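> Output the structure for:
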Amino acid sequence: MATNAGLIGVFENGVGYVAAKTYGASWNQAFVFSTVNMIVSRILRRLISTYLRDTRQYALADISIQAASGLTGVLMTCLFCKKMIYWKPALAASVISDAAVIYAIPLFTKPMPLSSFSV
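As a prediction, the model looks like this:
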């Protein structure tokens, strides 16, 4: 299961990296933002996952996590790259990488049958 989580994390980070670069961020900004966004998002989700009771709480928590991890990514980009990332690449990287995770989880977690190698 740890391998699957690692693959999903790498996939999420890569999609966020490409999305930020596509919307005009530099390579350094795209890398720093997508990495920090993913790490902070994962930490916050782990911290509050035991406190969620229903779908409404989950939706509100998810919006708060998105905002907090995005803001942290923007601030860290400003700190490491000496230039602030614009809002369009930051928003695109955050939203597209989270949407990609939704589609990647079944891809990496479901067992796939191997076809026979005999003719």
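> per-residue confidence averaged over stretch 46-62?
Stretch 46-62 shows an average pLDDT of 84 in the prediction.
> Buried residues, that stretch. List them.
Buried residues in stretch 46-62, defined by neighbour count with 16 or more other C-beta atoms under 10 Å: 61-62. (Each C-beta comes from the backbone N, C-alpha and C, glycine too.)
> mean confidence score for stretch 89-109?
Average pLDDT, stretch 89-109: 81.
> Same question for stretch 66-73.
91.
> What of stretch 9-26?
Average pLDDT, stretch 9-26: 85.
> Name the residues that touch it?
Contact with stretch 9-26 is made by 27, 29-31, 33-35, 37-38, 42, 81, 83, 85-86, 88-90, 92-94, 96-98, 100-101, 104, 108, as judged by C-beta atoms under 8 Å, 6 or more residues apart in numbering.
> Distance from the chain centre to it, please.
Centre-to-centre, stretch 9-26 and its host chain are 9 Å apart (C-alpha atoms, centre = their mean, to the nearest Å).
> Please apply the same query to stretch 62-75.
Centre-to-centre, stretch 62-75 and its host chain are 11 Å apart (C-alpha atoms, centre = their mean).
> Nice, that's everything, thank you.
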